[in-house]
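Novice: predicted structure and sequence below. I'll ask about it afterward.
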Amino acid sequence: MAFVRDLLRDPKARDAADIAHQVVAVASSSSKDKADKFITANGIPAPCAAYATYEELVADPNVDVVYVATPHSHHFQNVMLVLEAGKNVLCEKAFTVNAAQTKILCETARKKNLFLMEAVWTRYFPLSVQVRQLIQNGEIGEVLRTTADTSFGDDVEERWGTTHRMVNPDLAGGCLLDLGIYSLTWVFQTLYHTLPKDQRKAPTVVSQMTPYHATGADESTTILLNFPTSTPSNGPHPKHSHGVAMTNLRVAADPDEKGTTGANIRIQGTKGEIQVFGNPFRPMRYRIIPKKGAGEVRDVEFPIPSEGHGMFWEADEVARCLRDGKLESEGLPWEESIVIMEVMDEVRKQGGLTYPQKIESTEYPLQL
Ligand SMILES: NC(=O)C1=CN([C@@H]2O[C@H](COP(=O)(O)OP(=O)(O)OC[C@H]3O[C@@H](n4cnc5c(N)ncnc54)[C@H](OP(=O)(O)O)[C@@H]3O)[C@@H](O)[C@H]2O)C=CC1
Ligand SMILES: O=C1OC[C@@H](O)[C@H](O)[C@H]1O
């Protein structure tokens, strides 16, 4: 809903007059009535078709690109359906249940010459883009450590119960795939993505996971990542940077949600630090702190224009990639999505979290 509402906002309000979006079809696998109600509730202008199956939607010749926003368990099957029908895809995070599924999606998109992107909206926030540029321009020196915390502080039993997709293993639930991916996003976009492509190397990983007593999905996961960076010419030891990615449903990264508890993200370099406040998935303020008084501390605000949610920026990226004939986005290349999925595979292995065989499967088509 938030995504579609953002699609309908005027791109000029965010200086994006070079692209336009049109919502031409909505599908619900439950009923056509649900799709009709979605169109009305969100004020989607006519003509917009309502379908009672995903198969009908992907066969609609007016559809250029499909936004897949089903539970994680269903992404692999749903995205394959879209790609096999010859359409481009923007698929919600986590891309799939495991890296093997993501690899197949990327191979399929490449073979069919179709655009495919994991909808990690945070990467396309102007704040994220600017933070990456600051790092690449050397503003905080060499970045050696990033800590990121995406934790909610819920009464888990009351808020999520046992069947909600957040905690339901049948829907690939758990905080790692749902929220931990944002902590990993910050670790990767600061320690990995900012390096030249030929220097980006997968990290080694150690982690701990706590299962939710009622379902076995993880309610808390903490990951330490060790990224090989370069081997300096002036010393014998290879260099590394460290990432700490945290997620927890029961304790909060920011208990009062006003940014008063400190930064949820800290990007630490040899010349200073960048701190990001608020929800790691929807960042609106950062602070840059030069080391030992070497300059002014600056706070930079990034309000979201036109009372939006902030999902239009990823949609704008999709539109530009399609316009420019690209198959993948520079902001989150397929290779990086795959490495992140491999990290999550390893973390689940170390934590002993497996999902039902059916949703881990790479077989397509498969009735879930
Ligand atoms: N970027 C962001 O800020 C956010 C991203 N997300 C991501 O979006 C995706 C969906 O999350 P959310 O909207 O909360 O999920 P929901 O549980 O609300 O499900 C979304 C839709 O998927 C279909 N669906 C739900 N359950 C099942 C099922 N058991 N089997 C088949 N289809 C099902 C339904 O559509 P229908 O029956 O009509 O076909 C449902 O309306 C996830 O990947 C999540 O991580 C979620 C929230 C915020
Ligand atoms: O992706 C997400 O970001 C926002 C959260 O509220 C939501 O649970 C999660 O799926």
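Specialist: Alright, I've got the coordinates. Ligands and ions are numbered 1, 2, ... in the order given.
Novice: quick check: residues of the stretch 251-368 of the chain near ligand 1?
Specialist: Residues of the stretch 251-368 of the chain lying close to ligand 1 by CB under 6 Å from any ligand atom are Phe281. Bear in mind the C-beta positions are built from the backbone N, C-alpha and C, glycine included.
Novice: in the stretch 251-368 of the chain, which spans are strands?
Specialist: 265-269, 272-277, 285-290, 298-301 (DSSP state E, counting those that start in this stretch).
Novice: again with the stretch 51-200 of the chain
Specialist: Under DSSP E, counting those that start in this stretch, the stretch 51-200 of the chain gives strands at 65-68, 88-92, 116-119, 143-151.
Novice: run a quick neighbour tally on the closest residue to Val143 other than its chain neighbours.
Specialist: Nearest non-adjacent residue to Val143, counting by CB to CB, 6 or more residues apart in numbering: Gly269, 4.5 Å away. Residues contacting Gly269 under the criterion other CB atoms under 10 Å number 22.
Novice: which stretches in the chain count as helices?
Specialist: Counting by DSSP state H, the chain has these helices, from start to end: 2-7, 32-41, 54-58, 72-84, 99-112, 126-136, 156-160, 175, 181-191, 312-323, 334-351, 357-360.
Novice: so which of those is the most surrounded?
Specialist: Of all the helices of the chain, helix 175 carries the top mean neighbour count, a mean of 30, counting by mean count of other CB atoms under 10 Å.
Novice: nearest to ligand 1: which residue in the stretch 101-250 of the chain?
Specialist: For the stretch 101-250 of the chain, the residue closest to ligand 1 is Arg165, as judged by CB to the nearest ligand atom, at 4.4 Å.
Novice: got a list of what the most centrally placed residue in the chain touches?
Specialist: Closest to where the C-alpha atoms of the chain average out (CA atoms, centre = their mean) is Val120, at 2.6 Å. If you count contacts by CB atoms under 8 Å, 6 or more residues apart in numbering, Val120 has them with 93, 181-182, 185, 314, 332.
Novice: ok, 10 Å please
Specialist: Counting by CB atoms under 10 Å, 6 or more residues apart in numbering, Val120 makes contact with 92-95, 128, 181-182, 184-185, 188-189, 281, 314, 329, 331-332, 336-337, 340.
Novice: got a pLDDT number for it?
Specialist: What the model reports for Val120 is a pLDDT of 99.
Novice: one step back: make CSV from the strands of the stretch 251-368 of the chain and add distance to Gln199 and mean pLDDT to it.
Specialist: Output for those, formatted as CSV (distance: least, CB to CB, whole Å; pLDDT from 0 to 100):
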stretch, distance to Gln199, mean pLDDT
strand 265-269, 16, 98
strand 272-277, 21, 97
strand 285-290, 24, 97
strand 298-301, 28, 97
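Novice: can you name every helix or strand that the longest strand along the chain contacts?
Specialist: Identified as the longest strand of the chain according to DSSP state E is strand 218-228. Secondary-structure packing of strand 218-228 (3 or more CB pairs under 10 Å, 6 or more residues apart in numbering; DSSP states H and E): strand 143-151, helix 156-160, helix 175, helix 181-191, strand 204-211, strand 240-248, helix 334-351.
Novice: what's the first one packed up against?
Specialist: The contact analysis (3+ CB pairs under 10 Å, 6+ apart) places strand 143-151 against helix 126-136, helix 181-191, strand 218-228, strand 240-248, strand 265-269, strand 272-277.
Novice: what's the mean pLDDT across stretch 141-160?
Specialist: Averaging pLDDT along stretch 141-160 gives 97.
Novice: so how far does it reach from one end to the other?
Specialist: Start and end residues of stretch 141-160 are separated by 42 Å (CA to CA, to the nearest Å).
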